[in-house]
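Participant: turn this into a model:
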Amino acid sequence: MTPLEEEQAYVERCREGLRRMLDGARHNVIIGETVAGDRYSAERLGRHLKSLAKELGEDDGGPPFFGRLDFGPDVREHAGQRYHIGRRHVSADSGGRPLVIDWRAPVSRTFYQASARDPRGVTVRRRFGWAGGELTGFEDEHLDRGPVGEIGSGGAGRILTAEIERPRVGPMRDIVATIQPDQDDLVRAGLEESLCVQGGPGTGKTAVGLHRAAYLLYAHRKRLSRGGVLVLGPNRAFLGYISAVLPALGEVDVEQTTLDALLARVPVKGTDGPDAAVVKHDARMAEVLRRALHRRIGEPPEPLAVADGSFRWRVSQDELRRVAEQTRREAMPYGVGRERVIARVASLVRTRAEARGRTIDTAWTRLTARAVTAAVDAFWPAVRPEEVLFEVLGDCSEAAEGVLTTAERAAITWARPPRTYRSAAWTAADLILLDELAGLIERPQGYGHVIVDEAQDLSPMQCRAVARRSEHGSLTVLGDLAQGTTPWAARGWDEQMAHLGKPDAAIMSLTTGFRTPAAVVELANRLLAELAVDVPPSRSFRRDGRLRVLRGDDPAIVTAVLEALGHEGSIGVIAADASAGRLRAALTDAGLTVADGPTPDPSVRISVVPATLCKGLEYDHVVLAEPAEIVAAEERGLGRLYVALTRAVSRLDVVHSRPLPAPLTGDAV
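Facilitator: Next comes the predicted model:
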């Protein structure tokens, strides 16, 4: 039997092992409730077993392993051992050594970190080639023979290069087979460690963040079982694009959403003008809202008298005032403070009643609580975030005094205030303000770890919303300052991390692009000097790909798409938002089928993508329509163009009839 045939036979052993694991998981779901000691334990066990069965049942029949490690004789615990490395653990049939080691296991780290300069006891690292779920070949690196070549300098193996460069069809895939040492260091950073990963286009920062989520759940599952892991993406299209990554890595219980969806406590029915949106996203609004909320706390208007038959239990105004002042000094959330005041006043009444020999029972406690609550309402009332924001947007002159300018106060004040907060047409920016108020009133749900992608576009107030949810956990912040497109986009990471509540987080950079071809990266790098951000130019691992700059309008774009159909992979037509509908119609009139949305779809190769929705997505072939129109469409249009240029994985056609933006002109184009 040849070595390839031996490996193919091993594939069948692994697939049989997966089938056996799935059968066992389903059987355990059936009998799980009968072995649990109590109802609570039964529910927890049932959830765990069903999650495991779901995870195994969603196996797509893909490769059970992607690599192999052969250790030499001089490594203590692994001397002479051979391990296959895959996306998930595969057990042996007799409880022996696993058939496949999970990529997150400690020994698997050697697969990513070992090199000819530092073999870490590995004699051979084997990478496998697959096609249609079938093993087609392998390639060995003999690390015990000394340095031959390094990744990025022409020494990468054929299989590794092919995996990096293969066409992108459909949603984003995991990168477990191609993780590089610097990426692996970030993925395996400790749970307590908050990280900021600055990465240029195609450097794998999003993949690093998702793999970090999977790794942390593997290494710290018990600690994360209560708070969990939250992944925040910039928009729904992006979430659809990355949705398959974590399930492919064996994690199906990670919450993935957008910040707007996370904060959506009321429907968005209104829109803000640019000036109002900028003010509402400014960090100074936190002080305005805090003032407006705490202005509701006043002086007790009268003593408290609790009727108890013919007797009255009394608490003086001075005592009530002292309780309120003491509680305010403790700087707890407004609603928590109110409950604390009620409890402390009730305790005063109880102490006096007990001193007079009163028997305290449930009925007495309930009666007293009602009387105390009614009294506290007069100087520390219950409140909803919507009520406070309704007042601020109606007239913020007092709360904003010395914080906002007259023009800024005017920008956020309603021209025609609604009659009540219930009839208000709240805007998307109002969701951030309502969340700030909700956090001032009650502590929000926290997460053990939060991963934020495209974080350079978050406003200070959005950052505060994230910080509240990771106050007692950690953060992985992903972004590229050069891809900032919002009016409030960050210019530097130090200030952004301070807004996110992690000022001491390590800031790491990824500069080698594995997705975008060198010609495309070099073109996009021309824009960096105009973007006023301090980021290093990206360099590309890829020497394949193609860049063309073509003159023409809509017919030329249709021709470019028709030509792209002759190649394998997805096709994205990226245009200014105002032109996307027209180009979709032109492609449809030409007899082409176009996907319903921007997310790459395996069944429909062509997508028309408004420039504002292309962030985070990638297509094998991009036709970029009229760069000058994209730049002119918004204040930070050059940043948007930088994003649009770098969505191409293999080929980029820039089609224009108007003059190109100045940074793109030159001998190369």
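
Participant: how about the helices in the stretch 151-300 of the chain?
Facilitator: Under the criterion DSSP state H, counting those that start in this stretch, the stretch 151-300 of the chain carries helices at the ranges 158-165, 181-187, 205-219, 221-224, 236-242, 245-248, 259-262, 274-280, 285-294.

Participant: so which bits of the third one are buried?
Facilitator: Within helix 205-219, the residues that qualify as buried by neighbour count (16 or more other Cβ atoms under 10 Å) are 205-218. Heads up, the C-betas are built off the backbone N, CA and C, glycines and all.

Participant: related to what we said a few turns ago, to residue 552, which of the helices of the stretch 151-300 of the chain lies closest?
Facilitator: Of all those, helix 236-242 sits nearest to residue 552, with 27.4 Å by Cβ to Cβ.

Participant: model confidence over the closest one, on average?
Facilitator: Summarised as a single mean, pLDDT over helix 236-242 is 85.

Participant: got it, and stretch 130-145?
Facilitator: On average, stretch 130-145 scores 89.

Participant: for that stretch, which positions count as buried?
Facilitator: So stretch 130-145, judged by 16+ other Cβ under 10 Å, has buried residues 130, 135, 141, 143.

Participant: in helices, which of those residues appear?
Facilitator: Using DSSP state H, no member of the buried residues of stretch 130-145 sits in helices.

Participant: which of those residues sits closest to residue 226?
Facilitator: residue 130 (38.2 Å).

Participant: give me the number of residues near the residue nearest to that closest one when sequence neighbours are not counted?
Facilitator: Spatially, and ignoring its direct neighbours in sequence, residue 130 is nearest to residue 63 (4.7 Å; Cβ to Cβ, 6 or more residues apart in numbering). Counted with other Cβ atoms under 10 Å, residues neighbouring residue 63 total 17.

Participant: lowest mean pLDDT across the helices of the stretch 151-300 of the chain, which one is that?
Facilitator: helix 158-165 (a mean of 70).

Participant: which ones are touching the residue nearest to residue 130?
Facilitator: 11, 86, 128, 130, 133, 135 (Cβ atoms under 8 Å, 6 or more residues apart in numbering).

Participant: repeat that for residue 632.
Facilitator: residue 576.

Participant: need the phi and psi values for it.
Facilitator: Residue 632 adopts backbone torsions of phi -80, psi -10, taken as degrees, to the nearest 10.

Participant: returning to that earlier point: got the buried residues of helix 205-219 as JSON lines, with distance to residue 178 columns?
Facilitator: Conversion of the buried residues of helix 205-219 to JSON lines gives the following (distance: Cβ to Cβ, whole Å):
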{"residue": "205", "distance to residue 178": "14"}
{"residue": "206", "distance to residue 178": "14"}
{"residue": "207", "distance to residue 178": "9"}
{"residue": "208", "distance to residue 178": "12"}
{"residue": "209", "distance to residue 178": "16"}
{"residue": "210", "distance to residue 178": "14"}
{"residue": "211", "distance to residue 178": "11"}
{"residue": "212", "distance to residue 178": "16"}
{"residue": "213", "distance to residue 178": "18"}
{"residue": "214", "distance to residue 178": "15"}
{"residue": "215", "distance to residue 178": "16"}
{"residue": "216", "distance to residue 178": "20"}
{"residue": "217", "distance to residue 178": "21"}
{"residue": "218", "distance to residue 178": "19"}
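
Participant: what residue ranges in the chain score low on pLDDT?
Facilitator: 27-61, 147-157, 162, 164-171, 666-669 (pLDDT under 70).

Participant: domain-wise, how is it divided?
Facilitator: 3-165, 189-297+380-510, 298-378, 518-664 (the TED database).

Participant: figure out which of those domains is closest to residue 180.
Facilitator: Going by Cβ to Cβ, the one of the domains of the chain nearest residue 180 is domain 3-165, 6.2 Å.

Participant: which of the buried residues of helix 205-219 sits closest to residue 585?
Facilitator: When those are compared against residue 585 (criterion: Cβ to Cβ), the nearest one is residue 206, at 31.9 Å.

Participant: please name the nearest non-neighbouring residue to the closest one.
Facilitator: residue 453 (5.6 Å).

Participant: sorry, back to before: JSON lines for the domains of the chain, including distance to residue 172?
Facilitator: As requested, the domains of the chain are exported to JSON lines (distance: least, Cβ to Cβ, whole Å):
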{"stretch": "domain 3-165", "distance to residue 172": "14"}
{"stretch": "domain 189-297+380-510", "distance to residue 172": "5"}
{"stretch": "domain 298-378", "distance to residue 172": "38"}
{"stretch": "domain 518-664", "distance to residue 172": "8"}
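
Participant: ok, which of these comes nearest residue 182?
Facilitator: domain 189-297+380-510 (6.7 Å).

Participant: quick one: end-to-end distance for the closest one.
Facilitator: 15 Å (Cα to Cα, to the nearest Å).

Participant: gap between it and the chain center?
Facilitator: Distance of domain 189-297+380-510 from the chain centroid (Cα atoms, centre = their mean, to the nearest Å) equals 11 Å.

Participant: try stretch 321-333
Facilitator: For stretch 321-333, the distance to the chain centre is 37 Å (Cα atoms, centre = their mean).

Participant: then stretch 610-617?
Facilitator: The answer for stretch 610-617 is 16 Å, by Cα atoms, centre = their mean.

Participant: now do the buried residues in it.
Facilitator: Quick answer for stretch 610-617 (16+ other Cβ under 10 Å): 610, 611, 612, 613, 614, 615, 616, 617.

Participant: end to end on that stretch, go ahead and measure it.
Facilitator: End-to-end distance of stretch 610-617 (Cα to Cα): 12 Å.

Participant: ok, back up a step: just name the most buried of the helices of the stretch 151-300 of the chain.
Facilitator: Compared across those, helix 205-219 shows the largest average neighbour count, a mean of 24 (mean count of other Cβ atoms under 10 Å).

Participant: now do it: everything it contacts.
Facilitator: Counting by Cβ under 8 Å, 6+ apart, residues outside helix 205-219 touching it are 102, 104, 172, 174-176, 179, 183, 186-189, 191, 197-199, 224, 229, 231, 242, 245-246, 249-251, 253-254, 449, 451, 453, 476, 478-480, 510, 616.

Participant: give me that answer again for 6 Å
Facilitator: Contact partners of helix 205-219, identified using Cβ atoms under 6 Å, 6 or more residues apart in numbering, comprise 104, 175, 183, 186-188, 191, 197, 199, 224, 229, 245-246, 249, 251, 254, 449, 451, 453, 476, 478, 510.

Participant: same deal with stretch 350-370?
Facilitator: If you take Cβ under 6 Å, 6+ apart as the criterion, stretch 350-370 is touched by 306, 313, 346, 349.

Participant: how about the CA coordinates for that stretch, as CSV?
Facilitator: Included here for stretch 350-370 are C-alpha records, laid out as CSV according to Å, rounded to 0.1, in the frame of the first residue of the first chain:
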residue,chain,number,x,y,z
ARG,A,350,-38.2,47.8,60.8
THR,A,351,-35.5,48.6,63.4
ARG,A,352,-37.9,51.0,65.1
ALA,A,353,-40.8,48.6,65.0
GLU,A,354,-38.7,45.8,66.5
ALA,A,355,-37.4,48.1,69.2
ARG,A,356,-41.0,48.7,70.2
GLY,A,357,-41.7,45.0,70.3
ARG,A,358,-43.6,44.8,67.0
THR,A,359,-43.7,41.3,65.5
ILE,A,360,-42.5,41.4,61.9
ASP,A,361,-44.4,39.2,59.5
THR,A,362,-44.9,38.9,55.8
ALA,A,363,-48.0,41.1,55.7
TRP,A,364,-46.3,43.8,57.7
THR,A,365,-43.2,43.7,55.5
ARG,A,366,-45.3,44.0,52.4
LEU,A,367,-47.4,46.9,53.8
THR,A,368,-44.2,48.7,54.8
ALA,A,369,-42.5,48.2,51.5
ARG,A,370,-45.5,49.8,49.6
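
Participant: so which of the contacts of stretch 350-370 belong to helices?
Facilitator: Counting by DSSP H, those place 346, 349 in helices.

Participant: how about the contacts made by the nearest residue to residue 137 once chain neighbours are set aside?
Facilitator: In this structure, residue 137 finds its nearest non-sequential neighbour in residue 129, 4.3 Å apart by Cβ to Cβ, 6+ apart. Neighbour list for residue 129: 136, 137, 159 [criterion: Cβ under 6 Å, 6+ apart].
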